[in-house]
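J.: Give me the fold of what follows.
(chains A and B)
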Amino acid sequence: MALRRSVTRLVGDLNLLPSLLPRGAALLHSHATSFGFKEVPEEEKSKLVGNVFTSVSSNYDLMNDMMSAGLHRLWKDRLVSKLHPFPGMKHLDVAGGTGDVAFRVLESINSVSRRAMQHGLAETEEETQIYICDINPNMLNVGKKRAIERGLGENHCLHWIEGDAEALSFDDGSMDGYTIAFGIRNVTRIEKALAEAYRVLKRGGRFLCLELSHVELPIFKQLYDYYSFSVIPAMGELVAGDRESYKYLVESIRRFPNQEAFARMIVDTGFQKVEYENLVGGVVAIHSGLKL
Amino acid sequence: MLRSVAARRLLAHLVSPGRSAAAPAFRRLSTPASPQPNQPHTSSEQPQGEPPNPTPGASASSRATGEDGGTHPRRAGPGPRARGDYEEEQARVLRAALPHVVRFGWSESAMIAGARDVGISPSIVGSFPRKEAALVEFFMDDCLQRLIDRIDSGEELKNSILSDRLSKLIRIRLEMQAPYISKWPQALSIQAQPMNLPTSFKQRALLVDEIWHAVGHTGSDIDWYVKRTVLGGIYSTSEVYMVTDHSPDFRDTWKFLDHRIKDAFDLQKTVQEAAYLAEAVAAGMGNSVQGVVRRVFQG
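T.: Presented below is the predicted three-dimensional model:
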């Protein structure tokens, strides 16, 4: 990808026990009570976020395309290729309401070349199951509609589940893969979502998180800030008639921990081989971890 | 990552003979990695009869619940493998994948099947840096370690003739590839890919180094690089010859190998004799030139 400069760093696995170190606590507390640049009580945050997504759901995909100039498709492609899905996989996509990642996983598994490769495994193959979990029913409805448009309406592999990333309804050790694309920023307590991810993954299962992240390159940072704070809310107002939601979006990106800090949090949860890859100079980062 | 770990473990072994705590993954192997008959897997929830590498503390309960991810909680208390080391798990998966290579080739299908055998989700295959190459490189490291074990056990090198010792060692090493010979061309092509080339080159260099070290040849008539290059060439050509050899027990390959070694020694002798000849001629010429010069200045 010409636009992508990927920098992969490996974060050392220091801890054998998950622990929240003091330096992380202040950061996490501030995430739980921040709604963009505003301070809100913790109990309020999820309601406010819910309102944001109810109002953006109908234009969500269009706005994604406009804000990222279509790049979000490439980012999600990269996420799924890193995941490396296999037939018989049980995959959970959290906060994946409109189904982008889930459709890609399904298509990757069903692609012709893969089927040719896996013919030998046919007799051991269980059925692939992909669960799409989202806290917001409006987003799920949009996703279900898109599935029907793609001809996947009757597909028995896809399951649309309403649920909270901080309290998943799945069994321990039941998932081979867990992805969360542009969703971890919106949960109230990040470490709870991470702990839940750890809980539902099997041994050997992988956690992948695609999220907007921090840019440090000197000139690019200024350009990016200008674009975020001036252009995006204006675009939101013009296209979706909703300036406030997109202002929240942009501010929540700034309040989210940076690449290293978030990688630390993933290590603290208990994941191993935690790495992150920057795309477009840090505008987006894919963090990955392995449960063993 | 596995490669550098293997190198470190290898060096640790060479420096301190005897079991080192840092290299359990390699030293633990007691049986050669030959393809076991594939048990038909009716469901992936069937616990495998014999785990390839039982780590200390692996309890029967963890084996029983190993495959059943969905219905039972993972294990009762934190055992020593509750936070398994990533490197070790990777090695276990790769080792379990080797028996499947005959069927699936050096591919992700083999690694996925290996992961299922070990009781780990096949998602782990997604985290290997260069997927098929990881499997091939693991196999190469494993064979090298087994070769070192055979050398250490000492019975192989009683022959006094250098060429016989070389032939024996290379034959031992190539025989380790015999079970996979039908898929070996694929392994060679994987090793030849640009991104895998540095690692495979290093592995072969290490192998050749090890063989020379074991043979104990410290003669100074050919220098270090030439020795290793020549042996590398002999090894590679024999390896490729073996791929198309259909004789029983690869007899033709061993004959080919012996001839190549003989050629190399003959070449060395030829080069030596050529050097002596040149010396003699130069000495002779030098005398004649000296004689002429003396006569010129005297006369």
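J.: going forward, measure contacts and count neighbours with C-alpha atoms only.
T.: OK.
J.: and residue A:178, which of the three is it?
T.: Under DSSP: H, G, I helix; E, B strand; the rest coil, the three-state class of residue A:178 is strand.
J.: can you check residue A:98 too?
T.: Residue A:98 ends up coil, using three-state DSSP.
J.: from memory it sits against residue A:143, does it?
T.: Yes - Residue A:98 lies in contact with residue A:143 (CA atoms under 8 Å); the separation is 3.8 Å.
J.: residues near the nearest residue to residue B:180 once chain neighbours are set aside, how many?
T.: Spatial nearest neighbour of residue B:180, chain neighbours left out: residue B:102 (6.0 Å); criterion: CA to CA, 6 or more residues apart in numbering or on different chains. Neighbourhood size, residue B:102 [other CA atoms under 10 Å in any protein chain shown]: 19.
J.: and if you look at residue A:142?
T.: Residues lying near residue A:142 (other CA under 10 Å) number 18.
J.: Look up the closest residue to it, ignoring the ones flanking it.
T.: residue A:98 (5.6 Å).
J.: next one: residue A:246
T.: Distances taken as CA to CA, 6+ apart place residue A:233 nearest to residue A:246, at 5.2 Å, with adjacent residues excluded.
J.: doesn't that neighbour fall inside a strand?
T.: No - counting by three-state DSSP, residue A:233 is not part of a strand but helix.
J.: Tell me who's in contact with it.
T.: A:242, A:243, A:244, A:246, A:247 (CA atoms under 8 Å, 6 or more residues apart in numbering or on different chains).
J.: neighbour-wise, which of these leads?
T.: residue A:246 (23 neighbours).
J.: I figured it hits residue A:236, correct?
T.: Yes - under the criterion of CA under 8 Å, residue A:246 makes contact with residue A:236 at 5.9 Å.
J.: neighbours around residue B:172, how many?
T.: Residues contacting residue B:172 under the criterion other CA under 10 Å number 16.
J.: was I right about it contacting residue B:149?
T.: No - in this structure, residue B:172 is not within contact of residue B:149 by CA under 8 Å, at 11.5 Å.
J.: any idea where the helices of the chain begin and end?
T.: Assuming you mean chain A. With DSSP state H as the criterion, chain A has helices at A:22-32, A:42-56, A:60-68, A:71-83, A:100-110, A:112-117, A:137-149, A:190-200, A:218-226, A:232-235, A:243-255, A:259-269.
J.: looking at chain B here, not the other one
T.: Assigned by DSSP H, the helices in chain B fall at B:2-15, B:24-27, B:60-66, B:86-97, B:101-104, B:108-118, B:131-153, B:162-175, B:184-192, B:197-215, B:224-243, B:251-298.
J.: Export those helices as JSON lines, with columns for mean pLDDT.
T.: Below are these laid out as JSON lines (pLDDT from 0 to 100):
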{"stretch": "helix B:2-15", "mean pLDDT": "45"}
{"stretch": "helix B:24-27", "mean pLDDT": "40"}
{"stretch": "helix B:60-66", "mean pLDDT": "38"}
{"stretch": "helix B:86-97", "mean pLDDT": "90"}
{"stretch": "helix B:101-104", "mean pLDDT": "90"}
{"stretch": "helix B:108-118", "mean pLDDT": "90"}
{"stretch": "helix B:131-153", "mean pLDDT": "91"}
{"stretch": "helix B:162-175", "mean pLDDT": "88"}
{"stretch": "helix B:184-192", "mean pLDDT": "93"}
{"stretch": "helix B:197-215", "mean pLDDT": "90"}
{"stretch": "helix B:224-243", "mean pLDDT": "89"}
{"stretch": "helix B:251-298", "mean pLDDT": "86"}
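J.: so of these, which one's packed in deepest?
T.: Among the helices of chain B, helix B:108-118 has the highest mean neighbour count (mean count of other CA atoms under 10 Å in any protein chain shown), at a mean of 26.
J.: Perfect, I'm done here.
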